[in-house]
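**Student:** just a sequence and a predicted model for now, questions to come.
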Amino acid sequence: MALGERFSSRWGLILAGLGLAVGTGNLWRFPRIAAENGGAAFLIPWILFLFIWSLPLMIAEFAIGRGARRGVVGSFATLIGPRFAWMGGFIAVTTTMIMFYYTVVTGWTLKYFVLTLTGGIQEVSPGGYWEIYSTSVWQPIFFHLVAVGIGAFIIQRGVVAGIERANRILIPILFVLLCVAVVRSVTLPGAERGLEFLFNPDLSALKSYKTWLEALTQSAWSTGAGWGMILTYATYMRRKDDLVLNATTIGFGDNSASLLAGMAIVPTTFALLSNAEALEVMASGNEGLTFIWIPQLFNQVPGGTILLPLFFLALFCAALSSLIAMIEMATRILMDAGIKRRRAVRLVASAIAICGIPSAVSMTIFANQDWVWGVALMISGLFVAILATIYGQEKFRNKLVNVPGNDFNLGKGYSWILKYLVPAEFMAMFGWWMYQAATVDGWWDPTNALSVGTCLLQWGMALSVLIYFNKQIATASLRGEADEA
Amino acid sequence: MSGRTWIMMLIMLAVNWGGFLIMLIYGIRRERRKMLSDAGSLEEAE
């Protein structure tokens, strides 16, 4: 597989981009967060932040990857100099650490798909089953390893035969399944209460800063802006490919998938439960909602025995299409260091198989890693914006964003957003997070799984290693065969 | 469902789904046009 591989068409690139963006966050996080933050009122800032945080960063990632033609570390070293390779390294570490537990999540979805398909979930109490499954050792490890194997198999086949072909299958299936779930959900008696909740705006919720900040984090985490995955896929764009319109299409496609998920889950929940109970279910966390409540609720719906496997298949498709983007991000970094794809994939897969085990066997470690590296994505997003500033905002826009293949070019406002607005949003979001997290007892304690202390310790360790070995990391990231522009 | 809910739902679907589909269709049509023009220039060169 040559480094000069390219997506075969614009459609292939968009599907791959949708694959990386549409993940479990759309299906299990969006409906929950929207419901907890005023329903329809939440949708207004959520769309706004697509324009002023996610899309600018997604476009920047496309521009960086297409311009440098290297993975996330090599791109930073190429465009702004080897002494900044550690910034790309931090993005890579963040997404890699997420990948280690994301395979566990992908394994859960696969397990539940199999379980619903065989009818096993109907025979037991979903709450009890989740308790047994999540606290057992071998089953989560087994399904974690299966997820790693499937992801590695796809990535080993390369860009067109692997990534593009997988997403050509996974994404249409995902959207069709979501549409089927929406039709079933909104035609249930009483579903209009859920739609009312989701779409009738309670504008007083807009006065709460929490609504705005949850909207920003949901948009940032859902679109994949700042993860380095878009950057990696952009290295495989053809020279004549558009950049701005493709990024925008993927951003809107991701939002559309979230809306479908909301319309599938919220009306079903409200149709079967009272408003107070429905809100309680929505507040039960990602895993609680997905693996305990959804099986219980869908089992009560006419046609639920068909709907339930379809939902978990959709969830598995969403998880897998994002997982392969994470594996490719890590693989590409090793390829930049001169390692052939096949060997690089084996190294990455072995690392995930081993490093994912702690999250597979311990929900505390899983929650800790989700907490630490989920928040680190804010810093990753900031680093993408900083690259553009160091490179020179106008030069970045004129040379890397407004490329000849574009259907649309961006004006000076884009440079302003990256230079001022994105850092300001980061300060507000990060400051809010620190303020909230530091009000909890023991916030400084690094042994507390959900503390500020554990975040600072783990980020500090990652940054110290990256900065200390920056020279070697930069040299390695530029060692491999240079990809043609 | 109230009229307000209907309006908000239609706006949300129109902005997100409408935006997505319009951009997707526009992009694919542009791609086809680019391919045709590339093929035309190749023929001319030959």
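**Tutor:** Here it is on my side, so go on. Residues are numbered from 1 along each chain as shown, chains lettered A, B, ... in the order given.

**Student:** the biggest helix by length in chain B - what's its average pLDDT?
**Tutor:** Longest helix in chain B by number of residues, with DSSP state H as the criterion: helix B:19-45. Summarised as a single mean, pLDDT over helix B:19-45 is 86.

**Student:** can you check stretch A:58-76 too?
**Tutor:** 96.

**Student:** so what's the gap between that stretch and the chain middle?
**Tutor:** Its chain's average C-alpha position is 18 Å from that of stretch A:58-76, according to C-alpha atoms, centre = their mean, to the nearest Å.

**Student:** using CSV, write out every CA atom in it.
**Tutor:** Presented in CSV, the C-alpha positions along stretch A:58-76 are these (Å, rounded to 0.1, in the frame of the first residue of the first chain):
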residue,chain,number,x,y,z
MET,A,58,-12.8,20.7,10.8
ILE,A,59,-11.8,23.0,7.8
ALA,A,60,-8.5,23.7,9.5
GLU,A,61,-7.8,19.9,9.9
PHE,A,62,-8.7,19.3,6.3
ALA,A,63,-6.3,22.1,5.2
ILE,A,64,-3.5,20.9,7.5
GLY,A,65,-3.7,17.3,6.3
ARG,A,66,-4.1,18.1,2.7
GLY,A,67,-1.3,20.7,2.9
ALA,A,68,1.3,18.6,4.8
ARG,A,69,0.4,15.2,3.5
ARG,A,70,1.5,13.7,6.8
GLY,A,71,-0.1,12.3,9.9
VAL,A,72,-0.9,14.5,12.9
VAL,A,73,2.6,14.7,14.3
GLY,A,74,4.4,15.1,11.0
SER,A,75,1.9,17.8,9.9
PHE,A,76,2.8,20.0,12.9
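
**Student:** quick one on the thing from earlier: packing partners of the longest helix of chain B?
**Tutor:** helix A:10-21, helix A:244-272 (3 or more C-beta pairs under 8 Å, 6 or more residues apart in numbering or on different chains; DSSP states H and E). Quick note: C-beta positions are derived from backbone N, CA and C, even for glycine.

**Student:** any idea which of the ones you listed gets closest to A:Gly120?
**Tutor:** When the helices and strands packed on helix B:19-45 are ranked by proximity to A:Gly120, the top entry is helix A:244-272, at 21.1 Å, counting by C-beta to C-beta.

**Student:** list the contacts of the helix or strand where A:Ile154 lies.
**Tutor:** Under the criterion DSSP states H and E, the helix or strand holding A:Ile154 is helix A:138-156. Around helix A:138-156, the neighbours that count as contacts under C-beta atoms under 8 Å, 6 or more residues apart in numbering or on different chains are A:103-104, A:106-108, A:110-111, A:133-134, A:162-163, A:166, A:319-320, A:323-324, A:327-328, A:331, A:341-342, A:345-346, A:348-349, A:352-353, A:356-357, A:360-361.

**Student:** about what we covered before: would you list the helices and strands packed on helix B:19-45 in a markdown table and tack on mean pLDDT, distance to A:Ile80 and mean neighbour count?
**Tutor:** As requested, the helices and strands packed on helix B:19-45 are arranged in a markdown table below (pLDDT from 0 to 100; distance: least, C-beta to C-beta, whole Å; neighbours: other C-beta atoms under 10 Å in any protein chain shown):
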| stretch | mean pLDDT | distance to A:Ile80 | mean neighbour count |
| --- | --- | --- | --- |
| helix A:10-21 | 94 | 24 | 25 |
| helix A:244-272 | 93 | 21 | 26 |
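
**Student:** so which of those is nearest B:Ala45?
**Tutor:** Nearest of the helices and strands packed on helix B:19-45 to B:Ala45, taken as C-beta to C-beta: helix A:10-21 at 23.5 Å.

**Student:** distance from the chain centre to the closest one, please.
**Tutor:** Once both centres are worked out by C-alpha atoms, centre = their mean, helix A:10-21 turns out to sit 14 Å from its chain's centre.

**Student:** just the CA coordinates for it, please, in PDB.
**Tutor:** What follows is helix A:10-21 as a C-alpha-only set of coordinates in PDB (Å, rounded to 0.1, in the frame of the first residue of the first chain):
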ATOM      1  CA  ARG A  10     -15.600  12.900  -3.400                       C
ATOM      2  CA  TRP A  11     -18.500  10.600  -2.300                       C
ATOM      3  CA  GLY A  12     -15.900   8.200  -0.800                       C
ATOM      4  CA  LEU A  13     -14.200  11.000   1.100                       C
ATOM      5  CA  ILE A  14     -17.500  12.400   2.500                       C
ATOM      6  CA  LEU A  15     -18.700   8.900   3.600                       C
ATOM      7  CA  ALA A  16     -15.400   8.300   5.400                       C
ATOM      8  CA  GLY A  17     -15.700  11.800   7.000                       C
ATOM      9  CA  LEU A  18     -19.300  11.000   8.100                       C
ATOM     10  CA  GLY A  19     -18.000   7.700   9.400                       C
ATOM     11  CA  LEU A  20     -15.400   9.300  11.600                       C
ATOM     12  CA  ALA A  21     -17.800  12.000  12.800                       C
END
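
**Student:** give me the buried positions along the longest helix of chain B.
**Tutor:** B:19-20, B:23-24, B:27, B:31, B:34 (16 or more other C-beta atoms under 10 Å in any protein chain shown).

**Student:** again with stretch A:206-214
**Tutor:** Buried positions in stretch A:206-214, judged by neighbour count with 16+ other C-beta under 10 Å: A:206, A:211-214.

**Student:** which of those scores worst on pLDDT?
**Tutor:** Lowest-confidence member of those: A:Leu213, scoring 80 (pLDDT).

**Student:** now the strand or helix carrying it - C-alpha only, CSV.
**Tutor:** A:Leu213 is part of helix A:209-223, with elements assigned from DSSP H and E. Once side chains and other backbone atoms are set aside, the C-alpha atoms of helix A:209-223 remain, and they are given as CSV (Å, rounded to 0.1, in the frame of the first residue of the first chain):
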residue,chain,number,x,y,z
TYR,A,209,-24.5,29.1,30.7
LYS,A,210,-24.6,25.3,31.2
THR,A,211,-26.8,24.9,28.2
TRP,A,212,-24.3,26.9,26.0
LEU,A,213,-21.3,25.0,27.3
GLU,A,214,-22.9,21.6,26.9
ALA,A,215,-23.9,22.6,23.4
LEU,A,216,-20.3,23.5,22.6
THR,A,217,-18.9,20.3,24.0
GLN,A,218,-21.5,18.2,22.3
SER,A,219,-20.8,19.8,18.9
ALA,A,220,-17.0,19.6,19.4
TRP,A,221,-16.9,16.0,20.5
SER,A,222,-19.5,14.8,18.0
THR,A,223,-18.1,16.2,14.9
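
**Student:** list the helices and strands it packs on?
**Tutor:** Against helix A:209-223 (3+ C-beta pairs under 8 Å, 6+ apart) you get helix A:30-36, helix A:40-49, helix A:55-68, helix A:244-272, helix A:363-391, helix A:422-437.

**Student:** report the rounded mean pLDDT for whichever helix or strand comes after that helix.
**Tutor:** The first helix or strand that comes after helix A:209-223 along the chain, using DSSP H and E, is helix A:229-234. Helix A:229-234 carries an average pLDDT of 96.

**Student:** rewinding a little: pick out whichever of the buried residues of stretch A:206-214 sits closest to A:Gly381.
**Tutor:** A:Gly381 lies nearest to A:Leu213 out of the buried residues of stretch A:206-214, by C-beta to C-beta, at 14.0 Å.

**Student:** how about the closest one, nearest residue that isn't a chain neighbour?
**Tutor:** Across the structure, with C-beta to C-beta, 6 or more residues apart in numbering or on different chains as the measure, the residue nearest A:Leu213 apart from its sequence neighbours is A:Trp432 (5.2 Å).

**Student:** what's around that neighbour, how many residues?
**Tutor:** Using other C-beta atoms under 10 Å in any protein chain shown, the number of residues around A:Trp432 comes to 16.

**Student:** what residue, apart from its backbone neighbours, is nearest A:Phe175 spatially?
**Tutor:** Nearest non-adjacent residue to A:Phe175, counting by C-beta to C-beta, 6+ apart: A:Ala257, 7.0 Å away.
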